[in-house]
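1. I would like the atomic coordinates for the input below:
(one chain, ligands or ions: 2)
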Amino acid sequence: MDQAPTPAPIVEIAPAAAVDTVTHGWRAKCLQRLIRMQLPVPRSFAIPAATVRAIAGGRLPGADELRRLIDASSGLVGVRPSAMNPEWGGPGTVLNVGMNAACHDRLTGTLGAEAADALYRGFVQSYAIHVARLDPDMFSDPAASLAEVLDAYQDETDEEFPQDPALQLAEVLRSMARAWDGPTARLLRQAKGAPADAALGLVVQDMALALGPGVTGSGTIQFIDSVTGTPRITGRFRGQTQGRAIGRDAESIFLTRDPRGPSLEEAAPGVFADLVRFGVAARERLREEMQIEFVVTDGRLSIIDAVRVQRSSRAAVRIAVALAHDGIIPPDEALMRVQPRALSDLLHHQVDPRAPRDLITRGMAASPGAATGRVVFTAAAAQAAAARGESVVLVRRETLPEDIRGMHASAGVLTERGGMSSHAAVIARGLGLPCIVGASGLQIDTRARLMRAGGRIFREGEDITIDGTSGEVLAGAAEMLEPALDDSFAQLLDWADEARGMGVRANADTPEDARTARMFGAQGIGLCRTEHMFFDDTRLPAMREMIFADRPEDRRVALERLLPMQRDDFTTLFRIMDGYPVTIRLFDPPLHEFLPHDREGMRELAESLDLPLSDVVRRVEALTEYNPMLGMRGVRLGITMPEIYEMQARAIFEAAVRAGAEGQGVVPEIMIPLVSARREVELVRHRIEGVAAAVRAETRSAFAYRLGVMVETPRAALRAGDIAEHCSFLSFGTNDLTQMTYGLSRDDAARFIGSYVAQGVYAEDPFHILDMEGVGELMLIGAERARAQNPGITVSLCGEHGGNPESIAFCQQAGLDYVSCSPFRVPVARLAAAQQALIQNRAESALAGGGGKPTPLA
Ligand code: PEP
Ligand code: MG
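-> Residues are numbered from 1 along each chain as shown. Ligands and ions are numbered 1, 2, ... in the order given. The predicted structure is shown next:
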């Protein structure tokens, strides 16, 4: 049996009334603040969430209570949702509740038949669709007459349109309360971070009429540009309107003076001046940029609502920083107001307007930024491709809730159907993914895995570019502009750096990565994967020669050829990083990755090495493993073929000497991958010490270096105490650590992880968000044991989780020294680390009785 919620009293929103966000929702609280500011807000009531729950369960307020809510003078009220957080949305507003034949007669006398008809007709249509849930097609014709609409209602329901305002209100409240519990509404708000039991309050407000004589109409005004975040008055004003029921002579006029036509500023300068005054006051008092919704009735202004200005990520940063600059909120609060993920939008690419554009088709620009990727037609294909590290654009007729994981895995989303508030558009904006919807020129054939557009065919796997800022779909990979990082972005991140304790480094393998990392404020390189350096065409032959060498001396000869190239690689990185620490991971992957696997490739290799084909085939077979990820890789290679690590160590030391001679004080950090036993570290350390001594003697320089271990196996985490004796840092490689803790292949898991998450086996994809309960516990154990043994040891994380805000928060809580993530995620990590530090500080000062800082609006 359901526990029936106990209804709480409905309160009139007055300056001293007990109204709060948790009980009544953000809108009710916001209206109270506007009322306290003495703005002309019509009489409003707040229905608490508990009462709304009771209403959804069928326990409606009594008729007397309902009548109390209905405006005595006009007889009309509007009902709006009031969730705890405005981001969570809610059922659509229903206006003009109370409209019936008597009211229609009365308004015919005062406003004229046309206006009264328009109001009544609009209400019946909206009630039919949203409350009686009748076929929207039958009630969407704006040209239908009042009589036709009333007849249609009666035909469909076998009842006359309800005349009792209290009954109308009861039904409106019930339908809104129930709409909140619908599956789509729940999914949408959960995508915005709402908890499963998020509650809804409702606000009932007297209608301010926007139909009638004089300057009369309704509009919205805001004082900031929603896209750029720069100060600008925008909005609209339409004369003779009432919500969706627009009078026949409704006209849209400009808010501010405009050469193109009449404006509210000229038509009603007093009203306009009041709006501007209220805007300034609202910003200061509500500590937020607000969009004000207003009605003008014959020159008299009513403020009926105010909501946080909708904003792009760029605007969010600018607004938060400007509020802090103006002293309205402290910098710490500005930091808390920006979602770390939003920062990656600012880093997004744009299609270079100067470059040629191979336009295929257009759609609606639903979410900004541009992305190039291979076309895929299913969410599963997107996830599989993402697991292989490919960039994909998910192309769907429209997206459904079950596509969310595929969207997460995509660089961009393109749909044939849908509008700006379609599932694809809403979710993509939430995720900060470039997105185009309603590209009706597309024809998608999911079975044949192709799409037709602009007279051309594009098959799965072909590259396209979507420009979510302009709505253009382009063939191939378009040329992109680097993202523009403005002063607000830099300021916010400076504040973040002041607030955070944990360091942020980047995973960077190439000079380009290193430059990007520096540009985004990384405090060093936390992981340089050296193996990528060997795949280069000029290096692969030497690498293969080394693999084919039977004796250590022969291996050394091949490695000698790689040494100068590696030395140059590291010297370049040290120069770019200009004194910041650079952690170089010694060679990690299994050797077979460097060998050809097809006959033709092997034949070519035999030719180039001047060996019989059979030798090559034999060697390839000998290196083939059933489980290469658990095989001869990482430190296991370093132990069995020590020459590779010796060459790398020499290259690192010689590069450090060279960079040092140029004035860069480099202390290179050498990291050993895939360790599982202390003896592995001892052996490698011993050899590296030997190389260091030799290079010191040869170069006559006394460079320093640090040796560290990558904790990627559960055993390394459990034995971190022993391991810590032999090294000065540990870095959790949570990609492998997750793989090995779960026994879950990081390359294949995407095939079923969606199903696992959907069935609640895993709360999240553990390769995306760190599994704090399992992998996280191993990290805590490892960090504690390592520090107990070696208190000065540096402990960090360098798996993909280092760029995920939730995982970063865990690392900050766990007291890690730094996280290292891909260069583009460095700003996200800086902000996420700062936010978690602030949360911890607040919790600590609250515990110490210091009290918290004021919370922002809503
Ligand atoms: C890891 O395993 O977390 C890691 C960073 O190394 P790689 O991804 O190169 O295996
Ligand atoms: Mg690894």
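2. what's the helix or strand containing A166 in contact with?
-> Taking DSSP states H and E as the criterion, A166 maps to helix 165-179. Here helix 165-179 makes contact (Cβ atoms under 8 Å, 6 or more residues apart in numbering) with 47, 52-53, 55-56, 58, 60-61, 63, 66-67, 69-70, 75, 77, 79, 81, 90-91, 94, 97-100, 127, 130-133, 162, 185, 200, 202, 204. (Glycine included, C-beta is placed from N, CA and C.)
3. tell me the average confidence for it?
-> Per-region confidence: helix 165-179 scores 96 on mean pLDDT.
4. quick one on the thing from earlier: among the contacts of helix 165-179, name the buried ones.
-> Using 16 or more other Cβ atoms under 10 Å as the burial test, the contacts of helix 165-179 include 47, 52-53, 55-56, 60-61, 66, 69-70, 75, 77, 79, 81, 90-91, 94, 97-100, 127, 130-132, 162, 185, 200, 202, 204 as buried.
5. helix or strand right after the longest helix along the chain?
-> The residue-count maximum for a helix in the chain (DSSP state H) belongs to helix 552-577. Downstream of helix 552-577, the next assigned helix or strand under DSSP H and E is strand 582-585.
6. Next, the buried residues of the helix holding A166.
-> Applying 16+ other Cβ under 10 Å to helix 165-179 flags 165-166, 168-179 as buried.
7. so which of those residues comes closest to ligand 1?
-> For the buried residues of helix 165-179, the minimum distance to ligand 1 (Cβ to the nearest ligand atom) is 44.5 Å, reached by A179.
8. for the helix or strand hosting D513, what is the average pLDDT?
-> According to DSSP H and E, D513 maps onto helix 511-519. For helix 511-519, mean pLDDT rounds to 89.
9. Please apply the same query to stretch 41-60.
-> 96.
10. Could you number the chain from 594 rather than 1 from now on?
-> Got it, the first residue is 594 from now on, which makes the last one we talked about stretch 634-653.
11. Straight-line length of that stretch, end to end?
-> In stretch 634-653, first residue to last residue: 26 Å (Cα to Cα, to the nearest Å).
12. Over to stretch 1356-1364?
-> Stretch 1356-1364: ends 9 Å apart by Cα to Cα.
13. Please spell out which residues along it are buried.
-> Using 16+ other Cβ under 10 Å as the test for burial, stretch 1356-1364 gives 1358-1364.
14. With ligand 2 in mind, check whether that stretch reaches it.
-> No - applying Cβ under 5 Å from the ion, one finds stretch 1356-1364 separated from ligand 2 by no less than 12.0 Å.
15. before we move on, back to that, okay, the buried residues of stretch 1356-1364 in CSV with pLDDT next?
-> Listed next are the buried residues of stretch 1356-1364 as CSV, based on pLDDT from 0 to 100:
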residue, pLDDT
D1358, 86
P1359, 91
F1360, 87
H1361, 84
I1362, 92
L1363, 95
D1364, 96
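16. Can you tell me which of these comes closest to ligand 1?
-> F1360 (9.6 Å).
17. how much space is there between that closest one and Q976?
-> 11 Å (Cβ to Cβ, to the nearest Å).
18. which residues do those two both contact?
-> I1346.
19. does the closest residue to I1346 other than its chain neighbours count as helix, strand or coil?
-> Distances taken as Cβ to Cβ, 6 or more residues apart in numbering place D1358 nearest to I1346, at 5.1 Å, with adjacent residues excluded. Secondary structure, DSSP: H, G, I helix; E, B strand; the rest coil: D1358 is coil.
20. any idea how far D1358 is from S984?
-> If you measure D1358 against S984 using Cβ to Cβ, the figure is 18 Å.
21. likewise D945?
-> Applying Cβ to Cβ, the value for D945 to S984 is 18 Å.
22. Pull up the distance across stretch 939-954, start to finish.
-> End-to-end span of stretch 939-954 (Cα to Cα): 26 Å.
23. Can you list the buried residues in it?
-> 939-944, 950, 953-954.
24. which strands and helices sit next to the helix holding D1106?
-> Under the contact definition 3 or more Cβ pairs under 8 Å, 6 or more residues apart in numbering; DSSP states H and E, helix 1104-1112 sits against strand 1096-1100, helix 1145-1170.
25. Any stretches of the stretch 1294-1443 of the chain with poor pLDDT?
-> Where the stretch 1294-1443 of the chain drops to pLDDT under 70, the residues are 1343, 1443.
26. Right, and ligand 2 sits closest to which residue of the stretch 1094-1243 of the chain?
-> Closest to ligand 2 within the stretch 1094-1243 of the chain is D1181: 6.3 Å, counting by Cβ to the ion.
27. tally of neighbours for that residue?
-> Per other Cβ atoms under 10 Å, the neighbour tally for D1181 reads 21.
28. In this structure it contacts I1265, no?
-> No - taking contacts as Cβ atoms under 8 Å, D1181 lies outside contact range of I1265: 9.5 Å.
29. Please enumerate the shared neighbours of those two.
-> By Cβ under 8 Å, 6+ apart, the residues touching both D1181 and I1265 are G1227.
30. Quote the end-to-end distance of stretch 1086-1104.
-> One end of stretch 1086-1104 sits 23 Å from the other (Cα to Cα).
31. check whether that stretch contacts ligand 2.
-> No - Stretch 1086-1104 stays clear of ligand 2 (Cβ under 5 Å from the ion), getting no nearer than 11.0 Å.
32. List the buried residues for that stretch?
-> Buried, per 16+ other Cβ under 10 Å, within stretch 1086-1104: 1086, 1088-1090, 1092-1093, 1095-1102.
33. Identify the residues contacting S856.
-> Per Cβ under 8 Å, 6+ apart, neighbours of S856: 846-850.
34. beta partners of it?
-> Taking DSSP bridges as the rule, S856 bridges to F847.
35. any idea how far it lies from L802?
-> Taking Cβ to Cβ, one finds S856 at 22 Å from L802.
36. Doesn't I814 lie inside a strand?
-> Yes - residue state for I814 (three-state DSSP) corresponds to a strand.
37. Could you count how many residues lie near it?
-> I814 has 23 neighbours, counted by other Cβ under 10 Å.
38. so it sits right up against I826, yeah?
-> Yes - the pair I814 / I826 is scored as a contact, 6.6 Å apart, by Cβ under 8 Å.
39. if I look at those two, which residues touch both of them?
-> In contact with both I814 and I826: L848, using Cβ under 8 Å, 6+ apart.
40. Is G1119 in a helix, a strand, or coil?
-> Classified using three-state DSSP, G1119 is strand.
41. Can you tell me what sits against stretch 1217-1227?
-> 1181-1186, 1216, 1233, 1265-1268, 1303, 1305, 1329, 1332, 1338-1340.
42. how is the protein carved up into domains?
-> Residue ranges for the domains of the chain, per automatic domain parsing: 604-693+755-799, 810-904, 942-1074, 1093-1303+1319-1326+1387-1392+1399-1440, 1305-1318+1327-1386+1393-1398.
43. Let me have these in CSV, extended by distance to E926.
-> As requested, those are exported to CSV (distance: least, Cβ to Cβ, whole Å):
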stretch, distance to E926
domain 604-693+755-799, 16
domain 810-904, 8
domain 942-1074, 22
domain 1093-1303+1319-1326+1387-1392+1399-1440, 9
domain 1305-1318+1327-1386+1393-1398, 18
